[in-house]
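Novice: take this sequence and fold it.
(2 chains)
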Amino acid sequence: MSTIVTLPDQETAQLPKLNYLNNGYGLKSWLLTGDHKRIAMLYLFSITFFFFIGGAFAGLIRLELLTPLPDLVASDTYNKLFTMHGVIMIFLFLVPSVPATVGNFVIPIMVGAKDLAFPKINLLSWYLYIAGACFLVFSLINGGVDTGWTFTTPLSTHYLNTHVMTAAMGVFIAGFSSIFTGLNFIVTIHRMRCPGMTWFRLPLFCWSNYAASILMVLGTPVLAITLVLVMLERTIGIGVFDPTKGGDPLLFQHLFWFYSHPAVYIMILPGMGVISEVISTFARKRVFGYTAVAFSSVAIAVFGFFVWAHHMFIMGVSNYSALVFSLLTMLVAVPSAIKIFNWAATLYKGSITFETPMLYAFGFMGLFTIGGLTGVFLGSLGMDIHLTETYFIVAHFHFVMVGGMLMAYLSGVHFWWPKMTGRMYPESMSQLSAVTTFIGFILTFFPQFIVGYLGMPRRYHAYPPEFQVLNVLSTAGATVLGIGYLLPMLYMPWSLKYGKIAGSNPWQATGLEWETQSPPLTENFVDIPIMDHEAYDYEWLAHKTAHEVTTVG
Amino acid sequence: MHISPVLWQFLVRWLTNSALFPPEASAISPYMDAFYFFLCAISAVGLIAVGILVFGFSIMYRKEKNPVATHIEGSTLLEATWTIIPLALFMICFVWGALLYFRIYDPPTNAMNIYIVGKQWMWKAEHPGGQHEIDSLHIPINRQVQLTMISMDVFHSFSIPAFRVKREVIPGRYSTVWFEATATGTYHLFCTQYCGTDHSAMIGEIVAMTPEDYQKWASGSTSGASLAQNGERLFASLGCNSCHSGAATARGPNLAQVYGSQLQLADGSTVTANDAFLRESILNPSTRVTAGYAPIMPTYQGQVSEEGLIDLVEYIKNLNSNYRIQQTLTTSQLSTGQAGASTSGSGSNSPAMSGPAKAGRTAPSVPGTVNQ
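Specialist: Residues are numbered from 1 along each chain as shown, chains lettered A, B, ... in the order given. Sure thing, here's the model as predicted:
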């Protein structure tokens, strides 16, 4: 056997004396750290903060939509609310959520490395994130921005008097944070795998983050260029997008969606990685069709770059280019379907338990299936004409981004929380929050499909009274959903002090991250680990635990 | 159990206002709804399949029942199955959707045309007969109606849920959409593209009327001058007629019956002279010059409003002969002497008699200097 240090079992576990959390105290030891785990923690705090700011805006939006009249806030305020909700949730929460938090923490350990390839760039990427966030907060405090998260020209360049420059600058800077994270992951996964860790022994979480990283590195610069053009157009009027100067306003949409559609996969792919880990662990089985799942991630990443114009079917693009983009959109739906069926098949003849991460993963599968199938509605050319720019689309992307991605993120946080902190959260509370979130989510967003087909346009401050019932349902659901999201804010901090000690492998999972102590040492492993079995090899694990001599490390 | 009256009121209002579908009021609506049912059906099948697998396996193979998992690597046959079946279903959606898309967006040849100008935050409709409307649109049922739309500022989107049609209204470019209403009534018109402060107030109503009622409405609400008549006046006052006179020696192309024809351009390509081409040729004439003519026409960018451009386009569209253009020229020659007091576009219904004097043959080629 290898030199893997075996650590105490959960029943007899104690918190290890030395770990990354107590290796140095004080603000400086955190703010100047190169440790990927500490940077992940910095991200965890920052994105949670912005999640609740964005969530507060969502709450106000739903409250306004309780009645058809524009009675709670002024129109301009409402427009700022949904703009800031979108900008904060997408650029400051969803994009960094799984990769920069969970991925940052576990990917180096999963591949058996001491850290990411470029620890200082990793820290820089957190600072860039914070710098971008500062710009956005600054624009928020100074009165906000009301372009919509898409910064569509000519509205953003010629017609609005809000803090478009500051907000665009914030997104521009935060984009580089994403590029650096992606770069770090790509290099780490290529170059820093431990002995024996071949590509096909990598956990699927690494595969999906790798695919997302490629999208980050190749897509985000296009967003940066687009935003620079918007800023130049706004300040000195270069006329790239202005039709009176010979520019083309549709060019902006092409450029913007060239990033922002792949961005959807940047957000969802790492989440899919989490689901693979969780389903496998709690079904006690290797993921069904490992290679199919791995390559479907890559397929999604590749196809994801060639579907951007499906956001523009009604914009007067040529009918024939619309055909091509619709066809490619249908193709990108297939790998997602493959993944869903493979996860379902993983359960077959498993030995399934229903801990919190698994409940969130089931939630993900249900909601993502609905989100993905309604994506087929929107990818079908004729149907898109009626559905686009209505609440149907709002419901669709919330099913994918919130129902899918946020569920996966929470699943991942609950799954690796014992590894991150060394302690368990109260299981019944967390199961309650998983179920509450699921029910609240369905209540909030399912009615929006119906109101969307009825024709209610998105981003409407006031709406015809016949849409009220469905909006009341949606707002009612949002309160339930809000409770579901607030619950972890209570029991997670509680668990830091009072939670049960987790031990190194509370779930009896197989990744390398479960073979080191919880919380891990600063450089993850005592010795360089050697990977001598396939990923998700539960027989190996059973064999290993049967013969191991429990030593206290 | 007692139901609160507020909730009861909601339910009644909702259920009496077509709870799940907007009214089907256009020829395309039944096709759209049929496709929607199909998509809902395959979604339900997909969701139920996933649901059965997840719940079924969760119950059958929960730990209490199945304490030891069986190792299974995967199955190429199964992978192929759940690649091919979804792919086939998605391909059906693709083909069906594409057919529907072409049916909705291919313009009919014989439709009645109405112009729409969108601006923050109102819709202006201009009927060829000279009816102008704001935030409402009257249309006859059982008749194909095509809208030629343009925005004066930002992106807007013209959406009529009851007709299942929607199209982006773009600054600086015509876009078109058409529909055939089948049921009389008043329907919602929404701007669905976020366009600034009062986006949600950029709404209006579509009034679909029987052809007889529509005739009554049209004759009762005309402004007196048709778009083409306005266009004719503008054409003369901008001095267009001095070059586009239709004479063999004229410096600009003959515009009579040019609409819809294939034009040979100076760079060798051909274009169809449609609304968008006519508008573009007024604003940026030098980008596409007709073969055989020098690029001498000045730009009219910023000098003619979108409404004025619509008038001009509508005028050129309906120009069947150059008779009246030449009449205007002759008249203005005769009146060159007493030109000073010329009243350009004085509102007369016979523009042939009221052409502005400045466009006389002796000072022809500087339309840029014409007073507005």
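
Novice: any idea which helix or strand of chain A has the worst average confidence?
Specialist: Ranked by mean pLDDT, DSSP states H and E, the weakest helix or strand in chain A is helix A:538-547, scoring a mean of 77.

Novice: just checking, what's the longest helix in chain A?
Specialist: If each helix of chain A is counted by residues according to DSSP state H, the longest one is helix A:249-283.

Novice: ok and the residue in the stretch 251-400 of chain A nearest chain B?
Specialist: Closest contact between the stretch 251-400 of chain A and chain B, by CB to the nearest CB, is at residue A:382 (2.4 Å). From N, CA and C alone the C-beta is placed, and that goes for glycine too.

Novice: hmm, that residue is touching residue B:94, no?
Specialist: No - in this structure, residue A:382 is not within contact of residue B:94 by CB atoms under 8 Å, at 10.4 Å.

Novice: compare those two (neighbour count), which wins?
Specialist: Each of residue A:382 and residue B:94 has its neighbours counted (other CB atoms under 10 Å in any protein chain shown); residue A:382 has more, 26 against 21.

Novice: SS state for the more buried one?
Specialist: Classification of residue A:382 by DSSP: H, G, I helix; E, B strand; the rest coil places it in helix.

Novice: need the contact list for it.
Specialist: By CB atoms under 8 Å, 6 or more residues apart in numbering or on different chains, the contact set of residue A:382 is B:31, B:32, B:35, B:96, B:97, B:98, B:99, B:100, B:101, B:103, B:104.

Novice: OK, contacts around the residue nearest to residue A:234 when sequence neighbours are not counted?
Specialist: The shortest distance from residue A:234 to any non-neighbouring residue, by CB to CB, 6 or more residues apart in numbering or on different chains, is to residue A:157 (4.6 Å). Residue A:157 sits next to A:164, A:230, A:233, A:234, A:241, A:242 when contact means CB under 8 Å, 6+ apart.

Novice: that's a helix at residue A:157, yeah?
Specialist: Yes - counting by three-state DSSP, residue A:157 is located in a helix.

Novice: could you look up the SS state of whatever residue of the stretch 251-372 of chain B ends up closest to chain A?
Specialist: Residue of the stretch 251-372 of chain B nearest chain A, by CB to the nearest CB: residue B:301 (6.6 Å). Three-state call for residue B:301 (three-state DSSP): coil.

Novice: distance of the residue nearest to it when sequence neighbours are not counted from residue B:237?
Specialist: Spatial nearest neighbour of residue B:301, excluding adjacent residues (CB to CB, 6+ apart): residue B:283 at 4.9 Å. Residue B:283 sits at a distance of 17 Å from residue B:237 (criterion: CB to CB, to the nearest Å).

Novice: check contacts around the residue nearest to residue A:367 when sequence neighbours are not counted.
Specialist: Closest residue to residue A:367 apart from its sequence neighbours, by CB to CB, 6+ apart: residue A:403 at 2.9 Å. Residues near residue A:403 by CB under 8 Å, 6+ apart: A:363, A:364, A:366, A:367, A:368, A:370, A:371, A:441, A:445.
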